[in-house]
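Student: sequence and predicted structure are below.
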Amino acid sequence: MTSLSDLPIRDDLRGLTPYGAPQAHVRVELNVNENTHPVPQQVIAEIMSRIAQALTTINRYPDREFTELRASLAQYLGHGLEIENIWAANGSNEVIQHVLQAFGGPGRSVLAFPPTYSMHPIIAAATGTQWLTAERDEGFYISPETAVAAIRAHTPDVTFFCAPNNPTGTPVSLETITAAYDATKGIVFVDEAYVEFAPTSHGTALSLLQGRPRLIVSRTMSKAFAFAGARVGYLAADPAVVDALRLVRLPYHLSALTQAAAIGALAHTPAMLAMVDDIKTQRDRLVHELAVLGFTPYESSANFVLFGNVADPHAVFEKLLSQGIIIRDIWMPHHLRVTAGTQAETTEFLTAIAALD
Ligand code: PMP
């Protein structure tokens, strides 16, 4: 049997492990921060008719510029954004990859503040971008001073913020982002995958885009939008950034079916986002109940809760799994992460974890 190390693979990929969340199809799936409510029937009907229409020309390549999708996304985002400001790809993972292909790469670096989204360092490695890290403050916050000091120490080509942060749920203030922007000549990339779950008072980095051509804000339809299976992520930035991303994308990277489905879903934004308030209620309930059980949950602005004081996280993970409940056995010692699901799923999880010995 040939093993990976026998192959003439790039040296810098040898120590790497692929994205690791186990995919188990069980009764209660609370491990990868999806919206666990299915897409409403009336939206499915519209998506099906749009896909049927797209199939009539499926012998042809799709719109390479995905203009109609970008128009729908610009309209959803508001903030005066136009088609020219928008880019999309197969999930925000691919958006991040495009950004590092264009602005990172060999001889360049990206700075991040762990613990943060586990794909960020993997995409850095895959694109040959040096991964630099800096410490967070108490409670996983990043103050403007902390961000500026890290940027001055490392002079990265790209600085990543994840707001709210996965896996901690911590917000990043707009002051931190503007201070970071002013301290670097590089790109500042804000991953807002979970922003729809955050209090509106936290704001969004979209409001900072005007006059900041090196700022990029990415979003996804995989979380609040309940569309993870469709694989649609996107970003907003200066049109010159979009021009740069066109250089690294593969032509026709968004299939006609993906474009049709996403446009259909975006035509029903209120219905797609209808469950967000309920998910926030379940998240806050998780924080409260996990504390009552003696764990140390962190306040979260996202649709998941990180909790510590777990003596043997792997054992808890396995026991829950044996009952048909999957959560995330995170890479932080004595911690686990759970997605806020429906009320029934949240109850099942809380009942099961309370009953563990
Ligand atoms: N960013 C963050 C912070 C995430 O947690 C995730 C998914 N877990 C993504 C991006 C990628 O999501 P997708 O590729 O489905 O858009």
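Tutor: Happy to help now that I have it.
Student: hey, let's count contacts and neighbours off CA atoms from now on
Tutor: Fine.
Student: how about the residues of the stretch 1-150 of the chain by the ligand?
Tutor: Of all the residues in the stretch 1-150 of the chain, those in contact range of the ligand (C-alpha under 6 Å from any ligand atom) are 32, 91-93, 117.
Student: let's have those in CSV, adding secondary structure.
Tutor: What follows is those, written out as CSV (DSSP: H, G, I helix; E, B strand; the rest coil):
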residue, secondary structure
32, coil
91, coil
92, helix
93, helix
117, coil
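Student: by neighbour count, which of those residues wins?
Tutor: Top of those by neighbour number is residue 92, holding 23 neighbours under the definition other C-alpha atoms under 10 Å.
Student: check whether that residue really touches residue 233, as I assumed.
Tutor: Yes. Counting by C-alpha atoms under 8 Å, residue 92 touches residue 233, with 3.9 Å between them.
Student: mind listing the shared neighbours of these two?
Tutor: Each of 218-220 lies in contact with both residue 92 and residue 233 under the rule C-alpha atoms under 8 Å, 6 or more residues apart in numbering.
Student: which parts of the stretch 1-150 of the chain are strands?
Tutor: For the stretch 1-150 of the chain, strands defined by DSSP state E, counting those that start in this stretch occupy the ranges 28-29, 86-89, 109-112, 130-133.
Student: nearest to residue 253, out of those?
Tutor: Nearest to residue 253, of all the strands of the stretch 1-150 of the chain, is strand 86-89, at 7.0 Å by C-alpha to C-alpha.
Student: quick check: residue 186 touching residue 156?
Tutor: Yes. At 6.7 Å, residue 186 and residue 156 qualify as touching, with contact defined as C-alpha under 8 Å.
Student: of the two, which one has the most company?
Tutor: Neighbours per residue (other C-alpha under 10 Å) separate residue 186 from residue 156, with residue 156 holding more: 24 against 21.
Student: tell me which residues of whichever helix in the chain runs longest come out buried.
Tutor: Using DSSP state H to define each element, the chain has its longest helix at helix 276-292. Neighbour-count burial for helix 276-292, counted by 16 or more other C-alpha atoms under 10 Å, picks out 276, 279-288, 290-291.
Student: partner strands of the following helix or strand past it, with direction?
Tutor: Next helix or strand after helix 276-292 toward the C-terminus (DSSP states H and E): strand 296-297. The strands beside strand 296-297 in its sheet (DSSP bridges) come out as strand 304-308 (antiparallel).
Student: name the helices or strands packed onto the helix or strand following the strand it pairs with?
Tutor: Following strand 304-308 in sequence order, the next helix or strand is helix 313-322 (DSSP H and E). Using 3 or more C-alpha pairs under 8 Å, 6 or more residues apart in numbering; DSSP states H and E, the elements in contact with helix 313-322 are helix 343-354.
Student: picking up where we left off before, would CSV of the strands of the stretch 1-150 of the chain with mean neighbour count and mean pLDDT be doable?
Tutor: Converted to CSV, the strands of the stretch 1-150 of the chain look like this (neighbours: other C-alpha atoms under 10 Å; pLDDT from 0 to 100):
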stretch, mean neighbour count, mean pLDDT
strand 28-29, 22, 97
strand 86-89, 26, 98
strand 109-112, 24, 98
strand 130-133, 18, 98
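Student: about what we covered before: which of the shared contacts of residue 92 and residue 233 lies closest to the ligand?
Tutor: Checking these against the ligand by C-alpha to the nearest ligand atom gives residue 220 as the nearest, at 4.5 Å.
Student: phi, psi of that closest one?
Tutor: phi -150, psi 150 (degrees, to the nearest 10).
Student: burial measure for it, as a count.
Tutor: Neighbours around residue 220, by other C-alpha under 10 Å: 27.
Student: what do you get for residue 122?
Tutor: Neighbour number of residue 122 under other C-alpha under 10 Å is 19.
Student: and it, what pLDDT?
Tutor: On pLDDT, residue 122 comes in at 94.
Student: isn't it up against residue 18?
Tutor: Yes. The pair residue 122 and residue 18 passes the contact test of C-alpha under 8 Å, sitting 7.4 Å apart.
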